[in-house]
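K.L.:
mind folding the following:
(2 chains)
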Amino acid sequence: MSVQAIDQVALLPAYLAAVTAVAAFVTDLVVPGRRGPVLSVAALGTVATAVAAGIVGAGPRRGTFCTAGGVLPGGVHVGTSCSYVADHTGALVAVAFCAVALAVLGLSVPALRARVAPSGEYTFLVLASLTGGVVLGYSRDLITLVIALETLTLPLYVLVGLRRRTRADDVRGPRDAAAGSVTFFAVSVVSTAVTLLGAALLYGLTGAVHLDRLAAALAHRDDLRHVPLTAAAVLLILVGLAFKVAAVPFHGWAPATYDGAPLPVAAYLSTASKLGGIVALLYVGVDALRPWLDVAGPLFAVLAVATMTVGNLTALRQVRMVRLLAFSSVAQAGYLIAPLGALAAPAGREPAALRVIVAGTLGYTIFYLLLELGAFAGVVALRGADGGGELAEYRGVGRARPVVGAALALALVGLAGLPPGLAGLFAKVTVVRATLAGGAAWLAVVIGLNAVVGLAYYLRVVVQLYRPGEPAPAPRVPVTVGVVLAAVTAAAVVVGFAPQLVLDAAALF
Amino acid sequence: MTVLLVATLAVPALGALAAALLPDRTGRVVGTVAAALAFLASVALAFGREPGGTGAIRPWHQLDVPWAPALDLRFHLGVDGISWPLVVLTTLLTLLCCGYTVWRVPVPGVDRPGVDPGGPAEEARPDDRGRYLVALLLAIEVGILGVFESLDLVLFFVFFEIVLLPMYAVIAVWGGPRRRAAATKFVLYTLFGSVLLLAGVFVVVAGAGTADLVTLTQRGGAGLGHGTQVVAFALLALAFAVKSPLWPLHTWLPDAHTEAPTVGSVILAGVLLKMGTYGLLRVAVGTVPGGARTLAPLLGVLATAAILIGALVCLRQTELKRLIAYSSVGHMGFVLLGIATLSATGFQAALVGNIAHGLLTGLLFFLAGALKDRAHTGELDRLGGLREVAPGLAGLLAFAAIGSLGLPGLAGFWGELFTVYAAVRHGGPLWMVLAVLAAVGGALAAAYFLRLLRRVTHGPAVNAVVGLRPTALAGAELVAWSPLVLLALAVGLAPSLVLALTAAPVHALVTAVTP
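P.N.:
Here you go, the predicted model:
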C-alpha cells in the first residue's frame, strides 16, 4: 500500500462542517454570552456545507484515500477501492444532515435563551455531530463508517446531559438528563463494540474492510458459506447498527434519553441519529453484505416487525409528550427497516426489487424526517424552553393557538400516515409499495395493522389539542422557531402534493 | 367536459377551505353554494357522453395525467354508467346535508361528568362551529367522489383514506353521548380496512406492473397467477367488507350511525358505505376476477348471513337510529350477494340496490334525526302515536320504511328482487339455498319495518310524542327530503333509469371478467 494523493475537493463538505463547528466555538469565545453571532455562524456554515455537498455531488464521482487493487485471501481479485467517495449518495446524505442540523439549531433558540445549555458548547457539539453525519455519507469502508457514526453519536452523550436547572423547582430535569445521558452512553458503547466485533470478524474472514471489496469477497468465496462465523459476523455488525435507529430490542435507551434531554436535542436524536443509522444499515447491510442478504433479510424482517409492534403498543400507554414521541419514533424505525425485511424472500433480492426497496427505505426516511421535525417544532413552539410535559397540559392548545396547533396536528396525523397531510399518506404508500415489490405481503399487512395501532395514539394527542380546556399561557417563542415550523410544514405540504420530488431524491441513492 | 370532472373535486375542496375560513353563517352558505355547484357539475357530466374506447371500462369523460410515477400513481379520473349514479347520489346528499346545516346547526356533543373524567363541564349550546361541519362534509365529499371517479388503483386508495378523519371529526364533535368511543371505533376499524386495501392494491400493482384500472380490468387478471389473485382478492374484499360492511366486520356501523349527528348518519349510510360495494365491484372483481371466482361462494355465504343476522338483530332493536343502522347491514348484504353472483343481473341488482339504499336510508336517517330532535328520545318504547300528533312526519316515515322493506313500486324492491333472481340463475345447490335464505331475510325486513311503524306511528300517543314540537315540518326539511322522496319513487317506478345507464358497462365488465 502506498499513500496516494488526496482529493481535497471531495473532502470539501467535511472540511466545511468541521470548520463551522470550530468557528462557532471560537465565535463564542470572541463574543461571549451572545447567542446571535454563534448561531449565525453556525447557520451560515451549515448552509455552506450543504451547498458545497450539492456542488461536489453534482460533479463527477470523486474517490479519495484509495487503495490499489490486488488479490484478497481466497484468490479474490479486486480493483482500486476508496475509503471516501463523493457521489450522489454522499451528497444526498450530507444535504439531509445539514437540513436537519439547521432546523434543530433554529429550535434550540428558546432553550439557549433560557440558559438550559451554554450556547457556544451546545452549538459546537451539534455541529461536531453534523460533521460525523456528513462524513458518514461519504464513507465507503467499515472503519471510516464506524468512526463517522461515532463522531455523529459522541457529542450527543454530552448534549443529552447538558441541561441546567432553569427554575428552582426543576429538580428532576438535570437529574433525568444525567440519567438519560448515562443510559444512552452505556447502550451506545456496547452496540459499537458489537458492530466492531462484527467488522473485525469480517476482516478476519475476508481480509477486506472496503464495502465493495467485502461484497466481492463474500460473493466469490463459497467456502465462507460453510463457516458459521461468517453468519455470526453479519448478524453482529447489523445488530450493532440497529441500535442507532433505536430498533427493538435496542430501544430501551430512547424514551429515557429523549425525555431527559432538552427538546431540540430530542428532536436531533430522533432525526439525525436515525438517519445515520439507516444510512449505515443500507451501506453495510445492502451494499457490503449484498451476497449475504439471505441472512441479513430475515434479521431485518424480525427487527422491523418487533420494532414497530413494540413501539406502537408501548406508545399507547404514554402520558408524557416526549415519551410518546420517543416510542412513536421507535415504531417509525420499524417502518424504516420494514422494506429491508422484504429482502428475506428471494423475490426481494432481484435487482429491480432491490432498487425499489432501497429507494423506498430512503424515501420513507425523508418523509419521516420532515414530519418528525414538524412534530418537534410544533412542540417547541408550544412549550418554549420547557420540556414536553404531560399530554394533559396540551388540552385546548389547538383552540388557543390555531396555527401552531394545526401544524402540530398535521405532523402527527402525517406520522400516523393519514390525510390531510398527504406526505404521511405517501410515506405509508412508499413503504408498502417497497415491501410488496419484494413480494412480502405478510409484512405489508403487519405494517398496516401497526398503522391502525399508531393512529390510536396520534389521534389521542390531536384530540387533546382540540378539546375544550384552559391551556397555560403561551411562552414567548422566538421567531426562528416559527420559521422552522413554517418551513418544515410547508415542505411537508409541498412533498404531499409532489411526492415525486422525494422519490426522485431517494432514487439517487 | 374534463373540466367538469375536475370541478366535481375542486369545487368542494375550495368550498371546504372557504367554509372553514369565513365567519360562521357566511361560511355555511358559501359551503352550500359549493356543494350546489358540485351537484350541477356532476349532473352535467351525463351530457355529451361518448363511451371512450372499447375496453372493459369505457369512461364518458376522462382525465389522465401522471402524478408520482415512482409510486405508480396517475391522476386518472373518469365516469361511466357504473360510477355516475353514485357520483350524483353523493353530490345530491352532500348538498342536502349542507343545506340542512345552514338551516339547523347540530349542537356539538357535551363532555358529561362521568363519561369524560377530568374535563370541565360544558353546556350544550349551539356555537359558531357549524361552518366546520360544512367544511368537513365537503372534504368527505371530495374523498367519496374521488373514489367513484378514480381510474387508477393508487389514486383510488388515496381518496379512500381522505374520508377517514373528516368523518371521525364529524362523529366525535357533533355526535351523541357515546360519540368518542363510536368515532374511535369507526376510524380504527375503517383504517384497518384501508390498510388491507393498500396491501391488496400493491399486490395487484406489483404483479401486473400497472395501476391503471382500465388496463387491469381489460386484462381480466391475465398475467397474474391464481395464487396472487386469490391473495389480492382476499385483501381487497376484506378491505371493502369492512367498509360496506359485511358481517362479521360490521360492528363499527351501528355505533357510528347511532352516535353520529343526523347529517353524518345520512352521509355514512347514504354514500360512505357505497365506497365498499363500488370498490368490491370495480376494483376487487374487476382487477382479479380469478380470485373473485374462487372466493365468491364464501362472499355469498357471508352476505346472506349479513342479510339474516341484520334482520334478526333489527327485530330486537329498541332504538330508532340503531334499528335503521342494522337494517343497513341487511341491505348491504343484498348488494354484496348480488356482486358475489358475478353475473350481469347480480351486478345490476347491486348497483340499483346501492342507489335505492342511499336514497331511502338517507331519508330514514333524516326523519329519525328530525324525530329525535323533536321528541328528545329515540327509544321505541317512548315513542308511539306519531300519526295523530305529526301526520306529516309519520307519513314520510311510513313511506321511507315501506320503500326500504322492498315494496314493489318503490326503490328498495328491485335490488332485492334481482339479487335473489341472480342467485337462483347462478344455479347449484349452494346458490339456491342462499337465494331462499336471502328471500327469507327480505321477508324479515318487512317484519321489522312494520314493527317499527306499529311502535312509532300507531297506537296511543305517549308522553314524548304528545310534547313533540314543532309538529309541522319546516320548509327546510321539506326541501331537503323531497328530492329523496321523488327519486325513491322514480327509481321504484322506472328502475330502467338506473339500469339503462349501468347495462352497457356492466355487460363490458362481465365479458372482461368471465374466463
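
K.L.:
C-alpha only now, for contacts and for neighbours.
P.N.:
Will do.

K.L.:
what residues does chain B put near chain A?
P.N.:
B:67-71, B:119-120, B:158, B:161-162, B:165, B:184, B:188, B:191-192, B:195-196, B:198-199, B:202-203, B:206 (CA under 8 Å from any CA of the partner chain).

K.L.:
which ones among those residues are found in helices?
P.N.:
B:158, B:161-162, B:165, B:184, B:188, B:191-192, B:195-196, B:198-199, B:202-203, B:206 (DSSP state H).

K.L.:
ok, which pair from those is furthest apart?
P.N.:
Taking CA to CA as the measure, these reach their widest spread between B:Thr184 and B:Ala206, a distance of 32.4 Å.

K.L.:
ok, and the closest non-adjacent residue to whichever residue of the stretch 1-150 of chain B sits closest to chain A?
P.N.:
Proximity of the stretch 1-150 of chain B to chain A (CA to the nearest CA) peaks at B:Ala68, 4.9 Å away. Nearest in space to B:Ala68, with sequence neighbours left out and distances taken as CA to CA, 6 or more residues apart in numbering or on different chains, is A:Gln500 at 4.9 Å.

K.L.:
contacting residues for the one you found?
P.N.:
B:Trp67, B:Ala68, B:Pro69, B:Ala70 (CA atoms under 8 Å, 6 or more residues apart in numbering or on different chains).

K.L.:
check contacts around A:Pro249.
P.N.:
Per CA under 8 Å, 6+ apart, neighbours of A:Pro249: A:Ala306, A:Thr307.

K.L.:
could you pull out the strands in chain B for me?
P.N.:
For chain B, applying DSSP state E gives strands covering B:61-68, B:73-79.

K.L.:
scratch that, chain A is what I was asking about
P.N.:
A:62-67, A:70-72, A:76-78, A:81-86.

K.L.:
quick one, which of the ones you listed is packed in tightest?
P.N.:
Comparing the strands of chain A on average neighbours per residue, with mean count of other CA atoms under 10 Å in any protein chain shown, the densest one is strand A:81-86 at a mean of 23.

K.L.:
that strand - what's its average pLDDT?
P.N.:
Mean per-residue pLDDT for strand A:81-86: 90.

K.L.:
quick one: work out the angle between it and strand A:62-67.
P.N.:
160 degrees (axes from the mean of the first three to the mean of the last three CA atoms, to 10 degrees).

K.L.:
only C-alpha atoms, please: export strand A:81-86 in CSV.
P.N.:
Only the C-alpha atoms of strand A:81-86 are listed here, as CSV (Å, rounded to 0.1, in the frame of the first residue of the first chain):
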residue,chain,number,x,y,z
SER,A,81,-11.2,0.8,-3.7
CYS,A,82,-11.6,4.2,-2.0
SER,A,83,-12.5,4.8,1.6
TYR,A,84,-14.1,8.1,0.9
VAL,A,85,-16.2,8.7,-2.2
ALA,A,86,-18.1,11.9,-3.0
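
K.L.:
what separation is there between A:Ala437 and A:Val284?
P.N.:
Taking CA to CA, to the nearest Å as the measure, A:Ala437 falls 21 Å from A:Val284.

K.L.:
same deal with A:Thr67?
P.N.:
For A:Thr67, the distance to A:Val284 - CA to CA - is 19 Å.

K.L.:
can you report how many residues lie near B:Thr251?
P.N.:
By the criterion of other CA atoms under 10 Å in any protein chain shown, B:Thr251 has 17 neighbours.

K.L.:
quick one, grab the pLDDT at it.
P.N.:
Taking B:Thr251 on its own, its pLDDT is 85.

K.L.:
dihedrals phi and psi, it?
P.N.:
phi -70, psi -10 (degrees, to the nearest 10).

K.L.:
name the nearest residue to the closest residue to chain A within the stretch 301-450 of chain B, sequence neighbours excluded.
P.N.:
Across the stretch 301-450 of chain B, the shortest distance to chain A (CA to the nearest CA) belongs to B:Leu302, at 22.5 Å. Spatial nearest neighbour of B:Leu302, chain neighbours left out: B:Trp247 (6.3 Å); criterion: CA to CA, 6+ apart.

K.L.:
how about stretch B:7-21: buried residues?
P.N.:
The neighbour-count check on stretch B:7-21 (16 or more other CA atoms under 10 Å in any protein chain shown) flags B:7-20 as buried.

K.L.:
distance to B:Ala503 for the residues you listed - can I get that in TSV?
P.N.:
Shown next, in TSV, are these (distance: CA to CA, whole Å):
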residue	distance to B:Ala503
B:Ala7	27
B:Thr8	24
B:Leu9	26
B:Ala10	30
B:Val11	30
B:Pro12	30
B:Ala13	32
B:Leu14	35
B:Gly15	34
B:Ala16	35
B:Leu17	38
B:Ala18	39
B:Ala19	39
B:Ala20	41
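
K.L.:
for chain B, which spans come out with low pLDDT?
P.N.:
B:51-53, B:109-127, B:463-464 (pLDDT under 70).

K.L.:
centroid-nearest residue for it?
P.N.:
B:Val271 (2.7 Å; CA atoms, centre = their mean).

K.L.:
contacts only, for B:Val479.
P.N.:
Contacts of B:Val479 (CA under 8 Å, 6+ apart): none.
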